[in-house]
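> need a structure here:
(2 chains)
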Amino acid sequence: MSNSTKLVPTPGQTVGPFYGYALPYEKDNELLAPGSPGSIRLQGTVYDGAGQTIPDAILEIWQPDSEGNVVQRTGSLVRDGYTFTGWGRGAVGNSGVYTFTTVNPGPTKSVPGKAAAAPFISVAVFARGLTNRLFTRIYLPENEEALASDPLLSSLDPERRKTLIARRDPDGGLTWDIRLQGEGETVFLDFQ
Amino acid sequence: MPEETNAQPESDESVPPAEPKAAHLPLDKAIETQADLSAEINSLGEAYRRALKDGAQPETQPRLDYPPYRSSILRHPTKSLHHTDPETIELYSPAFGHQDVHALESDLTIQHNGEPQGERIIVAGRVLDGDGRPVAGQLVEIWQANASGRYIHKRDQHPAPIDPNFTGIGRCITGPDGSYRFTTIKPGAYPWKNHLNAWRPAHIHFSLFGTEFTQRIITQMYFPGDQLFPLDPIYQTIVDQDARDRLVASYDHSLTEPEWALGYNWDIVLTGAKRTWTENEALGAAGDDDNE
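A predicted model of the protein is given here:
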């Protein structure tokens, strides 16, 4: 993985306050049409270190389909209403709430020699005041066994581990909040 | 050639009239001056340079915790990022193509009926991964202020003129060699409310994808020689001079087009790719490899 000819990566910078006319697009947060068979609502609130909601954050999710296939189809920016591309973008509203329409991610096939990972949705978080994007994961609350053997979750203490597991809503959807700082601070990831 | 691309909002629909002197963000602690902020910026910079001298590793990314950028104070994680190996979905990237982006979206000067005001420029370069491989067939998005430093955004109330012929949004898909190219207008400096008399150096926001989702990055490109660099708490969130320099485009006369536009070159390097053939085959996925 490491090699001596690596280039130094370009630094990130904050998304700033004015992405709102540039990054959002029609149906950006609808990986499936709302109400279509198998679709669920994924929602949550983004909080700062004072417990206040953040009105200027934008999230991206990237996930396998409900069968666990990594779908790499074009058409995320101009959705045809039928093709599941696995990727979506959702800006929070004034109350700090984001919403996606998507599917429960299925368990992807495990890599030989590695423990099977529990299904999760990969998340990138951007906000005014956040100097670089943050990565995290949303795990489904079911299948305790897979969660217990997950390499990332099992490396976290129970209080921190909780921040990566969504709640199942009565309507079958998922709720998962982000706390950028302080009590219940979400676990953010470093892959390097 | 000018043809409206349907991805762009009409400027006069999305922009309320400017309210001179109205803040787009709460004007808290406006009493703080540039001198106060510069003292903080310089003191953090000196501490970093001392640490470097004492053998610390150079920092290549912005600090998440950088108090001179006041909005970051309550928005940075206090716990260190948790190291983990990327798995499954994280080792792949969403795919974008001609379904997503029209070729004309890379020219920000032809989105309306007339020519935008300001200095027409070409910004071009390559997107590479940490191993120097081109990132082909991937989405690049940009957004920026107009020549007078005004964003078409309802919360930008900087009393500078809107340009009815300039929205400031562009997109393209990188070529087989990782290349991208935009025609646009040189953005103006932009005042903000971090402290009294705070001005952002002219910049273009860039949003980039790699071949793996963990390479996803949003950043800002700057122009060479900007006098505002040392004063800007956002540019200075990157404490290392070499790292900061990586965000500054170079003037490139070979990109300049006679009697048309000045050219700037800026290459972007993403982190190294982690996916191996073993993992690729185990997952049985295909798709972006078409682009490699």
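> And the residue nearest to A:A57 when sequence neighbours are not counted, its phi and psi?
Leaving aside its chain neighbours, A:A57 sits nearest to A:A127 (3.8 Å; criterion: CB to CB, 6 or more residues apart in numbering or on different chains). (C-beta placed from N, C-alpha, C; glycine too.) When read as degrees, to the nearest 10, the backbone of A:A127 gives phi -160, psi 150.
> now check the lowest-mean-pLDDT helix or strand in chain A, is it near chain B?
Sorted by mean pLDDT, DSSP states H and E, the helices and strands of chain A end with helix A:144-149, the least confident at a mean of 90. No. Helix A:144-149 stays clear of chain B (CB under 8 Å from any CB of the partner chain), getting no nearer than 12.4 Å.
> Stretch A:166-183 now?
Yes. Stretch A:166-183 reaches chain B (CB under 8 Å from any CB) through A:L180, A:Q181, A:G182.
> ok, of those, which one's closest to A:D157?
Looking at the residues of stretch A:166-183 next to chain B and their distance to A:D157, the nearest is A:G182, at 16.7 Å (CB to CB).
> could you pull out the strands for the stretch 1-150 of chain B?
Counting by DSSP state E, counting those that start in this stretch, the stretch 1-150 of chain B has strands at residues B:82-83, B:120-128, B:139-144.
> Same check on chain A?
A:40-47, A:57-62, A:87-91, A:97-102, A:120-127, A:134-139, A:167-168, A:174-175, A:178-179, A:189-190 (DSSP state E).
> Using CSV, write out the CA atom coordinates for the fourth one.
Extracted in CSV, the C-alpha atoms of strand A:97-102 (Å, rounded to 0.1, in the frame of the first residue of the first chain):
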residue,chain,number,x,y,z
VAL,A,97,-32.3,18.0,9.5
TYR,A,98,-31.2,16.0,6.5
THR,A,99,-33.3,13.4,4.7
PHE,A,100,-32.5,10.7,2.1
THR,A,101,-34.8,8.2,0.4
THR,A,102,-32.8,5.0,-0.1
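> separation between A:G81 and A:K27?
8 Å (CB to CB, to the nearest Å).
> Neighbour count: these two, which is higher?
A:K27 (17 against 10; other CB atoms under 10 Å in any protein chain shown).
> on that earlier part again, okay, the strands of chain A in a markdown table with mean pLDDT, distance to A:V71 and mean neighbour count next?
Output for the strands of chain A, formatted as a markdown table (pLDDT from 0 to 100; distance: least, CB to CB, whole Å; neighbours: other CB atoms under 10 Å in any protein chain shown):
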| stretch | mean pLDDT | distance to A:V71 | mean neighbour count |
| --- | --- | --- | --- |
| strand A:40-47 | 98 | 17 | 21 |
| strand A:57-62 | 98 | 10 | 24 |
| strand A:87-91 | 98 | 9 | 22 |
| strand A:97-102 | 98 | 12 | 21 |
| strand A:120-127 | 98 | 13 | 24 |
| strand A:134-139 | 98 | 17 | 22 |
| strand A:167-168 | 98 | 23 | 13 |
| strand A:174-175 | 98 | 19 | 18 |
| strand A:178-179 | 98 | 25 | 22 |
| strand A:189-190 | 97 | 22 | 16 |
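> Quick one: list the elements packing against whatever helix or strand B:P191 lives in.
Here B:P191, judged by DSSP states H and E, is contained in strand B:190-192. When contacts are defined as 3 or more CB pairs under 8 Å, 6 or more residues apart in numbering or on different chains; DSSP states H and E, strand B:190-192 sits against strand B:198-200.
> where along chain A do the helices fall?
Taking DSSP state H as the test, the helices found in chain A are A:144-149, A:158-161.
> And those: which comes nearest B:I110?
Nearest of these to B:I110, taken as CB to CB: helix A:158-161 at 50.1 Å.
> Okay, strands next: where are they in the stretch 151-292 of chain B?
Listed in chain order, the strands of the stretch 151-292 of chain B (DSSP E, counting those that start in this stretch) span residues B:169-173, B:179-185, B:190-192, B:198-200, B:203-208, B:217-222, B:250-251, B:262-265, B:268-269.
> TSV for the ones you listed, including mean pLDDT and mean neighbour count?
Below are these laid out as TSV (pLDDT from 0 to 100; neighbours: other CB atoms under 10 Å in any protein chain shown):
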stretch	mean pLDDT	mean neighbour count
strand B:169-173	98	24
strand B:179-185	98	22
strand B:190-192	94	19
strand B:198-200	97	21
strand B:203-208	98	24
strand B:217-222	98	23
strand B:250-251	98	14
strand B:262-265	98	19
strand B:268-269	98	23
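> Enumerate every residue touching the residue most central in space within chain A.
With the centre of chain A defined as its mean C-alpha position, the nearest residue by CA atoms, centre = their mean is A:V123, 2.6 Å away. When the contact criterion is CB atoms under 8 Å, 6 or more residues apart in numbering or on different chains, the partners of A:V123 are A:L59, A:E60, A:I61, A:W62, A:F135, A:T136, A:R137, A:I138.
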